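[1] generate coordinates for the sequence data below:
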Amino acid sequence: MKRKRVKELLENQVTGEKVLVKGWVRTKREIKNVAFVALNDGSTINNIQIVIDINSFPAELLRDITTGASLAVTGTLVASQGKGQNVEISASEIILYGKCDPETYPLQKKGHSMEFLREIAHLRFRTNTFGAVMRIRHAMAFAVHKYFNDRGFFYLHTPIITGSDAEGAGEMFHVTTLDLENLPRTPEGRIDFEGDFFGKATNLTVSGQLEGELGALALGEIYTFGPTFRAENSNTPRHLAEFWMIEPEMAFWDINDNMDLGEDFTKYLIRYALDNCREDLEFLNKMIDNGLIERLEFVLANSYMRLTYTEAIKILESSGRKWEYHVGWGRDLQAEHERYLVETHFKRPVILTDYPMSIKAFYMKQNDDGKTVRAMDVLFPGIGEIIGGSQREEELDKLTRRIEELNLPLKDLWWYLDTRKFGTAPHSGFGLGFERLILFMTGMSNIRDVIPFPRTPRNAEF
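    Residues are numbered from 1 along each chain as shown. Next comes the predicted model:
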């Protein structure tokens, strides 16, 4: 007999049918001569109830059906007599695949802290919360690909190992095969990478953007979606050392096209989640954040407010608020400033443009005022910045001058500058941190809880 998933059985509810279901025991209780087992196979937040006639099965088998044990159950799908479910399975055959020692199994029927669950990240998928988060994460990854594919974008795989620093921040993980106990040195005392695998210094990428631009300037519209890395010693609920980025790049698009895409894309993802992940969202809304669904619907219901960085600074300065971080033109905005604009002042998502050149990356299109660039950040309630992007600087002389001003290695970016020599064109793009998106979509408060195995300072377990 072919196995059926719990989700399918609960949705179809064809009573009288003989079915085979497999999964893990969530709970077991006994009343007189009947045992009730809640079985879950990960396909849904909901369990299916297995009704067992105690007199029909060996006592030693029933004794080993404990929380966490793995079972195959054959039986008849019948209308449920109890509350909480419409159908249940009357068991006729049970196979115990794997016992689970109740004395040492850490996931018993009680609440566990997120900190504790991070310590057992190899098992936390079995909890309702993390099952819901991971199913939503999958749905969002699928929706990302569907959105761009349906709009004619091409998925470009940009390298994870790179010789360039897209952000110029220098916070990169080095990649090497050299003997760290005996590093070769040049006569000047520097590390000699000539004998290294790539013959030069290489790193894990912080962004696929620069390579993405190369693809866009031939294919038209592309997007990347892959892991990126920051060697930033930040122990905060918003930072990871390894995270996933979605980065579309579009030839012949200007800053306004870019803003339109950012708004349409984020709304599409939210709508997809509300349409396809309703049960998981309702669980998280009840157990984790009781404003979650309301906040998702709030974003869908409102057009995003668009204003310049300069206008935002004036609003913040005249707000009368005491800020933890000082507000002033030329300073980067912090989460407290971004959330004030979204949640208190405008009461809708915000797109900020035209940031000071001094606080933005070298590749952003310079405005005629000589002070600002055509950057755009999309700000959301609860988390602040969710998208950062810009129109890219397509003029060779301006781009070269900016690279030199920042003392970046011009010779290492020769390939990037070539695109400005050979048929340059206006183009734009942005980056969306996938985990930031999942934080927003789930109501979770710590970014370490929306990625299967978080990589953070001093933590590379599992």
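[2] so which residues of this protein form helices?
    According to DSSP state H, the chain carries its helices in the segments 6-12, 59-64, 114-119, 128-150, 209-219, 255-276, 278-287, 292-301, 309-317, 335-339, 396-405, 414-421, 434-442.
[3] what's the offset of stretch 253-270 from the middle of its chain?
    Shown here is stretch 253-270, whose average C-alpha point lies 18 Å from the average C-alpha point of the whole chain (C-alpha atoms, centre = their mean, to the nearest Å).
[4] the closest residue to I191 other than its chain neighbours and G131: what is the separation?
    Using C-beta to C-beta, 6 or more residues apart in numbering and skipping the chain neighbours, the partner closest in space to I191 is L183 (5.4 Å). Yep, even glycine has a C-beta here, placed from its N, CA and C like the rest. For L183, the distance to G131 under the criterion C-beta to C-beta, to the nearest Å works out to 46 Å.
[5] next one: N290
    Between N290 and G131 the distance, using C-beta to C-beta, works out to 19 Å.
[6] surely K18 touches V78?
    No - here K18 does not reach V78: they are 10.9 Å apart, not a contact under C-beta atoms under 8 Å.
[7] R238 touches I447, doesn't it?
    Yes - taking C-beta under 8 Å as the contact criterion, R238 and I447 are neighbours in contact, 5.6 Å apart.
[8] out of those two, which sits in the busier spot?
    A direct count of neighbours by other C-beta atoms under 10 Å for R238 and I447 places I447 higher, at 21 against 17.
[9] next, the contact list for the residue nearest to that one when sequence neighbours are not counted, please.
    In this structure, I447 finds its nearest non-sequential neighbour in E435, 5.1 Å apart by C-beta to C-beta, 6+ apart. With C-beta atoms under 8 Å, 6 or more residues apart in numbering as the criterion, the residues that contact E435 are L240, F243, W244, I447, V450, I451.
[10] what are the buried residues along the longest strand seen in the chain?
    Under DSSP state E, the strand in the chain containing the largest number of residues is strand 18-31. Along strand 18-31, these residues count as buried under the neighbour rule (16 or more other C-beta atoms under 10 Å): V19, V21, K22, G23, W24, V25, R26, K28.
[11] looking at those residues, spot the one nearest E338.
    Taking C-beta to C-beta as the measure, R26 is the one of the buried residues of strand 18-31 closest to E338, at 39.9 Å.
[12] any idea how far V450 is from that closest one?
    R26 sits at a distance of 23 Å from V450 (criterion: C-beta to C-beta).
[13] what does N33 give?
    The spacing between N33 and V450, counted by C-beta to C-beta, is 44 Å.
[14] higher neighbour count, these two?
    For N33 versus V450, the count of surrounding residues by other C-beta under 10 Å is larger for V450: 26 against 10.
[15] what sits against that one?
    When contacts are counted by C-beta under 8 Å, 6+ apart, V450 touches V133, R137, E435, I438, L439, T442, M444.
[16] I'd like those residues laid out as a markdown table, including pLDDT and distance to T67.
    What follows is the contacts of V450, written out as a markdown table (pLDDT from 0 to 100; distance: C-beta to C-beta, whole Å):
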| residue | pLDDT | distance to T67 |
| --- | --- | --- |
| V133 | 98 | 21 |
| R137 | 98 | 25 |
| E435 | 97 | 30 |
| I438 | 98 | 28 |
| L439 | 96 | 30 |
| T442 | 98 | 25 |
| M444 | 97 | 24 |
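[17] what's the PyMOL syntax to select whichever of these are buried?
    If you want just the buried ones from the contacts of V450 in PyMOL, going by 16+ other C-beta under 10 Å, the selection is:
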select buried, resi 133+137+435+438+439+442+444
